[in-house]
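Colleague: Below are the sequence and a predicted model for it; my questions follow.
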Amino acid sequence: MAATLAIIVRFQFAGIHNWPGAPRDLDEAYLAYPHRHVFHVEATKAVNHAERDIEFIALKNEMQRYCEHHFDGPHTLSCEAMALRLIADFELKMCRVLEDNENGAEVIA
């Protein structure tokens, strides 16, 4: 049985986002307005051999710079939408984006 190999990266970045369609009559109505989070990202990327085709520190740094540039805000992207963009742009197997390391989304490619 052949093993499946992947590298894992984790990092965080600060950003501002909002949900324009948030119901205004809920306790969470503040979500309609720009608010700050520290987003925590965890991602896995397939590799072809045990000597790593890509250095995980280099991937982490590249992804962090990308997030700081594209998701610093204000924007209206959800955690799910950010994870989908990271999967597409970095050819990831999985991406998890959490707000303040508490709640968020996991997308598996």
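Modeller: Everything's here; your move. Numbers count the residues shown, from 1 in each chain.
Colleague: C-alpha only now, for contacts and for neighbours.
Modeller: Will do.
Colleague: So residue 37, which state does it fall into?
Modeller: Of the three states, residue 37 takes strand according to DSSP: H, G, I helix; E, B strand; the rest coil.
Colleague: who touches it in this structure?
Modeller: Residue 37 makes contact with 14, 15, 16, 99, 100 under the criterion C-alpha atoms under 8 Å, 6 or more residues apart in numbering.
Colleague: Adding distance to residue 73, neighbour count and pLDDT, write the residues you listed out as a markdown table.
Modeller: A markdown table is the format used below for the contacts of residue 37 (distance: C-alpha to C-alpha, whole Å; neighbours: other C-alpha atoms under 10 Å; pLDDT from 0 to 100):
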| residue | distance to residue 73 | neighbour count | pLDDT |
| --- | --- | --- | --- |
| 14 | 9 | 16 | 95 |
| 15 | 5 | 21 | 94 |
| 16 | 5 | 18 | 94 |
| 99 | 14 | 19 | 97 |
| 100 | 15 | 15 | 97 |
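Colleague: which one of the residues you listed sits closest to residue 44?
Modeller: Closest approach to residue 44 among the contacts of residue 37 (C-alpha to C-alpha): residue 99, at 18.6 Å.
Colleague: Inside strands: which ones of the contacts of residue 37?
Modeller: Residues from the contacts of residue 37 lying in strands, with DSSP state E as the criterion: 14, 15, 16, 99.
Colleague: farthest pair in those?
Modeller: Using C-alpha to C-alpha, the two most remote members of the ones in strands among the contacts of residue 37 are 16 and 99, lying 10.6 Å apart.
Colleague: In space, not sequence, find me the middle residue of this structure.
Modeller: Central residue of the chain (C-alpha atoms, centre = their mean): residue 97, 3.9 Å from the mean position.
Colleague: Would you map the helices across this protein?
Modeller: In the chain, the helices defined using DSSP state H lie at 56-70, 79-90.
Colleague: is it true that residue 98 touches residue 43?
Modeller: No - in terms of C-alpha atoms under 8 Å, residue 98 does not count as a neighbour of residue 43; the distance is 11.6 Å.
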